[in-house]
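**Q** Return a 3D structure for these sequence lines:
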Amino acid sequence: MLGHPVDGAGSLGRPWLYLSTSCGGRPIGRWYNRDELTGGPFVSSLYDMAAVAMDLMGPVRTATGSYQSTRRSEGVIVRDCAAISLSFERGGSAQLNYVRGFPAPGLGAGTRILCEKGYLIIEGGQIRKLTPD
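**A** Next up is the predicted model:
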């Protein structure tokens, strides 16, 4: 988990928008390709994103989502994508997106956090802080 990179000394202020995207560029492997083994797309792919967003933004007020997949005749998932939108009790929102099973190398994962006094960009294991200064 991120912890709270916007809290403490040099704070960026309260977060207002949390954007997280993951694009896996490889076949969906082993047990991840069956809903009955993974618990479905939320459990297998979006729970980490949602947990970090809620840790940072607080309790959820509303949630909406969508899911699409391409499957072989026996039900094995070949390609899928999902999106969840969250709004929070203290204000702000999050958009969480993932796709799996697309051509390599994929786009990887990235997160953007927009705060009252600046931004955090998290990509490739690096965290960049952007402020007006």
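
**Q** Which parts of the protein are strands?
**A** Counting by DSSP state E, the chain has strands at residues 15-24, 60-71, 77-88, 93-100, 106-115, 118-123, 126-130.

**Q** Highest mean neighbour count out of these?
**A** Mean neighbour count, computed with mean count of other CB atoms under 10 Å, is highest for strand 93-100 among the strands of the chain, reaching a mean of 21. From N, CA and C alone the C-beta is placed, and that goes for glycine too.

**Q** Could you list the low-pLDDT ranges of the protein?
**A** Residues of the chain meeting the criterion pLDDT under 70: 1-10, 27, 29-45.

**Q** repeat that with 80
**A** Low-confidence segments of the chain, defined by pLDDT under 80: 1-10, 24-45, 74-77, 133.

**Q** So in it, which helix runs the longest?
**A** helix 47-57 (DSSP state H).

**Q** List the buried residues for it?
**A** Residues 49, 50, 52, 53, 56, 57 are the ones in helix 47-57 that count as buried (16 or more other CB atoms under 10 Å).

**Q** and which of the residues you listed is nearest to residue 73?
**A** Within these, the smallest distance to residue 73 is 30.7 Å, found for residue 49 (CB to CB).

**Q** what sits against that closest one?
**A** 20, 22, 84, 96, 98 (CB atoms under 8 Å, 6 or more residues apart in numbering).

**Q** now it: how far from residue 92?
**A** Distance of residue 49 to residue 92, computed by CB to CB, to the nearest Å: 15 Å.

**Q** Which residue is the nearest non-sequential neighbour of residue 112?
**A** Using CB to CB, 6 or more residues apart in numbering and skipping the chain neighbours, the partner closest in space to residue 112 is residue 19 (4.4 Å).
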